[in-house]
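Peer 1: The following comprises the amino acid sequence and a computationally predicted model.
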Amino acid sequence: MVREDGKRNFALREADGSEPSEFSGNMPRQAALKAARTLEPAPSEEEANRTTLRLREKGTKKVHEYEGWAWKDSAPEVDEADEDFWLNDLNDITKANVSKQGIEYIDEE
């Protein structure tokens, strides 16, 4: 179901059918990337554990399935003139990536 701002809501679906978290995005991949950033990050992308993320589009019976992983990376260099920039206090940031596996339709309700 599309909101007034064009974004759609996606519920992270667990194996037992529960939906503990919700993410929004213009496209399912955008919501999947947000969900992937909540995973436990590995020291590098090569060492990251790949996890299945199942996102049900709210208002539909479509479940978008992604393989997601997260890792720590160095924060980008910040210009010294920009002292108030929030990244100045960070050494590491969490990056994530996802790969679409397919779409499933659920028969519930």
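Peer 2: Now that the structure is in, tell me what you want to look at.

Peer 1: Every contact and neighbour count from this point should use C-alpha atoms.
Peer 2: Will do.

Peer 1: Show me what the helix or strand where residue 100 lies is in contact with.
Peer 2: Taking DSSP states H and E as the criterion, residue 100 maps to strand 92-105. For strand 92-105, the surrounding residues in contact (Cα atoms under 8 Å, 6 or more residues apart in numbering) are 29, 32-33, 36-37, 41, 61-75.

Peer 1: Next step: those restricted to strands.
Peer 2: Among the contacts of strand 92-105, the ones falling in strands (DSSP state E) are 62-74.

Peer 1: Please pick the buried ones from these.
Peer 2: 62, 63, 64, 65, 66, 67, 68, 69, 70, 71, 72, 73 (16 or more other Cα atoms under 10 Å).

Peer 1: Hmm, residue 28 and the third one touching each other?
Peer 2: Same thing as residue 64. Yes - the criterion here is Cα atoms under 8 Å, and residue 64 meets it with residue 28 at 7.1 Å.

Peer 1: Find the residues that touch each one of the two.
Peer 2: Shared contacts of residue 64 and residue 28, counting by Cα under 8 Å, 6+ apart, come down to 55, 57.

Peer 1: mind listing the helices in the chain by residue range?
Peer 2: Ranges of helices within the chain are 28-36, based on DSSP state H.

Peer 1: Specify the beta-bridge partners of the nearest residue in space to residue 48 that is not next to it in sequence.
Peer 2: Using Cα to Cα, 6 or more residues apart in numbering and skipping the chain neighbours, the partner closest in space to residue 48 is residue 42 (4.8 Å). Taking DSSP bridges as the rule, residue 42 bridges to residue 71.

Peer 1: and which of the ones in strands among the contacts of strand 92-105 is nearest to residue 107?
Peer 2: residue 62 (9.8 Å; Cα to Cα).

Peer 1: mind checking how far the residue nearest to that closest one when sequence neighbours are not counted is from residue 58?
Peer 2: Leaving aside its sequence neighbours, residue 62 sits nearest to residue 105 (Cα to Cα, 6+ apart; 4.8 Å). According to Cα to Cα, to the nearest Å, residue 105 and residue 58 sit 13 Å apart.
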